[in-house]
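Any chance you can model this:
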Amino acid sequence: MQVWVEMLSPAIKTNNGSKIHKIKCKMTIKDVSAETMYDVLHDGAYRKQWDPTMVESFDIARLSANADVGYFSWACPKPIKNRDVVTLRSWLVKDDEYIIVNFSVKHPKYPPRSDLVRAISIQTGYYIKSLGPNSCTFYYLSQADPKGSLPKWMVNKASQVLAPKVMRSVHAAGQNYPEWKRKNSPEQKPWLYPEQNSLPMMDPAELSIQRGDSLENIDEAYKTIATDSEDSS
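You can find the predicted model right below:
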């Protein structure tokens, strides 16, 4: 496992107005094919089996044969509130290379919810390069802002620990995926076969980029902590 951190200069901000570091991880996998790792990242039904933090996940609509918009929410350690995102995802397979990228968008029918904190994927992606029948190089790139009132230094520090954990979890999921898929609609792979995709089509013009500065930096969990402290004193 190799991890790189791109630290932004204090004078430079992202287009979301945040100073979130960009994390890149690289892992050489010697027991799972590139195609299988790619399938794992796409297969939402399988994610329920290996990702204990996932609360809800579903695809909303197609934008093209290799792009869609979807919703994902996940559990955070208490007392921090759970998070959710709406992202535009696109993908490409070319020879022995597999790419998936996403970023946050605003969808008119899925605005921020009062019971969750809307997070931002500034830039997230996977790049997988085949090294042989059962081996590959696996890259993960992440620049994401969980929003709320979490300090940016804490987010940046946590990302350096969490990103490699994500890699290891996906690798473990890849090891178990072939057996699971044989028992669960083995021929159903709409990310490879667009004709299998039954999602409704959507005009991309209905979407806009979700910028972090348009969301409130409020996390009720911290208000609760402050209130409890005042009560106890």
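
Any stretches of the chain with poor pLDDT?
Along the chain, the model assigns pLDDT under 70 to residues 8-18, 217-233.

do that again at 50, thanks
Filtered on pLDDT under 50, the chain yields the residue ranges 14-17, 225-233.

can you pull out the strands in it?
Applying DSSP state E to the chain gives strands spanning 2-6, 22-29, 54-64, 67-74, 83-94, 97-106, 117-118, 120-132, 135-145, 208-209.

Go through this protein and flag its longest helix.
helix 152-182 (DSSP state H).

Next, the angle from it to strand 120-132.
Compare the direction of helix 152-182 with that of strand 120-132 by axes from the mean of the first three to the mean of the last three Cα atoms, to 10 degrees and you get 50 degrees.

Mind listing what's buried along helix 152-182?
Using 16 or more other Cβ atoms under 10 Å as the test for burial, helix 152-182 gives 155-156, 159, 163-164, 167, 170-171, 173-174, 177, 180-181. In this view, the C-beta of every residue, glycine as well, is placed from N, C-alpha and C.

Please apply the same query to stretch 41-53.
Neighbour-count burial for stretch 41-53 [16+ other Cβ under 10 Å]: Leu41, His42, Asp43, Tyr46, Arg47, Trp50, Asp51.

likewise stretch 19-27?
For stretch 19-27, the neighbour count (16+ other Cβ under 10 Å) marks Lys19, Ile20, His21, Lys22, Ile23, Lys24, Cys25, Met27 as buried.

Next: stretch 30-40.
By 16+ other Cβ under 10 Å, the buried positions in stretch 30-40 come out as Val32, Ser33, Ala34, Glu35, Thr36, Met37, Tyr38, Asp39, Val40.

tell me which of the buried residues of stretch 19-27 is nearest to Gln210?
Set against Gln210, the nearest of these by Cβ to Cβ is Ile20 (14.1 Å).

who does the residue nearest to the closest one when sequence neighbours are not counted bridge with?
Spatial nearest neighbour of Ile20, excluding adjacent residues (Cβ to Cβ, 6 or more residues apart in numbering): Asp145 at 4.9 Å. Beta-bridge partners recorded for Asp145 (DSSP bridges): Ile120.

How many residues are close by Asp145?
Residues near Asp145, counting by other Cβ atoms under 10 Å, number 22.
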